[in-house]
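Enquirer: this is the structure alone, sequence omitted:
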C-alpha cells in the first residue's frame, strides 16, 4: 500500500496515479531494493537529469511492502567529500554497504617502448578493438602518450570498487533467509545475470530499475524467463532534483 511520506510526493501521486498503481503491483509482496550506485550515477549523463537520493528514499519509503533499500558505494579513504557522502546516505536511512576504493597507478610511460608497439595500449584498449587499429593509429596514440610524458605525466590514477559479488550474494541470502519475494535491482550490469537467473528459476519476481539502452544483453535475454525492466524515466518527477522536475 502506498502512503506518501511527504506533501510533495502526495501531490505528485495525485497527478500521476497510474505510476503509483504500476509500482504497487511491482512491490506487491515483501521487497528488497539493491542500488548499485556506481552503475546508477553514470546514467545521469544519458538522462540529462539527476537522482536526488533523499527524495528517492522518501518515495520508496512510501510503499509499505518495501523491507530494505540497500545502497552499495565505495569510500575513498581519507577524502573528506567521499567519507561525508557515505555518512549522509546513512542519515537518510539507507542500508549502506561500503568498502575502500582501490586506487591504482597505471603507467603511461612510453620511454622504453617502440613507437609502433601496442604493448602499453593493451592496458587501456580491449584487444579486439586494438587489433583493428593500423600502424599509423598506434604510432599516433603512442605519440600522444609521449606528449603527456614530456609534461611529467607518467602515471594515471584508476579507481576501482565493484560490488557485483556482494549484491548477488545478498540477493540470494535475502531469498534463503529473510523471506524476500520481490528483488528490485538498480543496475544494468551483465554480472548479475547468474543470481537473477537463479531467483527467476525459483519463482521469485526480479525487476531491474534502469534506463533505456543501459541494460546488458545478457539481462535483456532474461526477460524471456520473466525478468521485468522498469524505466526510471517514468518516475523522474518523484526522484529528480526539485529544480529538474518536468512540468507537463
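Expert: Happy to help now that I have it. Note that this is a predicted model, so its numbers are computed, not measured. Numbers count the residues shown, from 1 in each chain.

Enquirer: spatially central residue in this structure, please.
Expert: Centroid-nearest residue in the chain, with C-alpha atoms, centre = their mean: residue 39, separated by 2.2 Å.

Enquirer: now for the helix or strand bottoming out on mean pLDDT in the chain, which elements pack on it?
Expert: For the chain, using mean pLDDT, DSSP states H and E, the weakest element among its helices and strands is helix 217-221, scoring a mean of 85. Helix 217-221 sits against helix 193-201, with contacts defined as 3 or more C-beta pairs under 8 Å, 6 or more residues apart in numbering; DSSP states H and E. Yep, even glycine has a C-beta here, placed from its N, CA and C like the rest.

Enquirer: show me which positions of the helix it packs on end up buried.
Expert: Under the neighbour-count criterion of 16 or more other C-beta atoms under 10 Å, helix 193-201 has 193, 195-197, 199-200 buried.

Enquirer: for those, please prepare a markdown table with the additional fields distance to residue 157 and pLDDT.
Expert: Shown next, in a markdown table, are those (distance: C-beta to C-beta, whole Å; pLDDT from 0 to 100):
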| residue | distance to residue 157 | pLDDT |
| --- | --- | --- |
| 193 | 30 | 91 |
| 195 | 31 | 93 |
| 196 | 33 | 93 |
| 197 | 36 | 93 |
| 199 | 37 | 95 |
| 200 | 39 | 94 |
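
Enquirer: how far is the longest helix along the chain from where the chain is centred?
Expert: In the chain, assigned by DSSP state H, the helix with the most residues is helix 135-150. Between the centre of helix 135-150 and the centre of its chain there are 33 Å (C-alpha atoms, centre = their mean, to the nearest Å).

Enquirer: tell me the helix or strand right after it.
Expert: Counting by DSSP states H and E, the next helix or strand C-terminal to helix 135-150 is strand 155-160.

Enquirer: cool, thanks, signing off.
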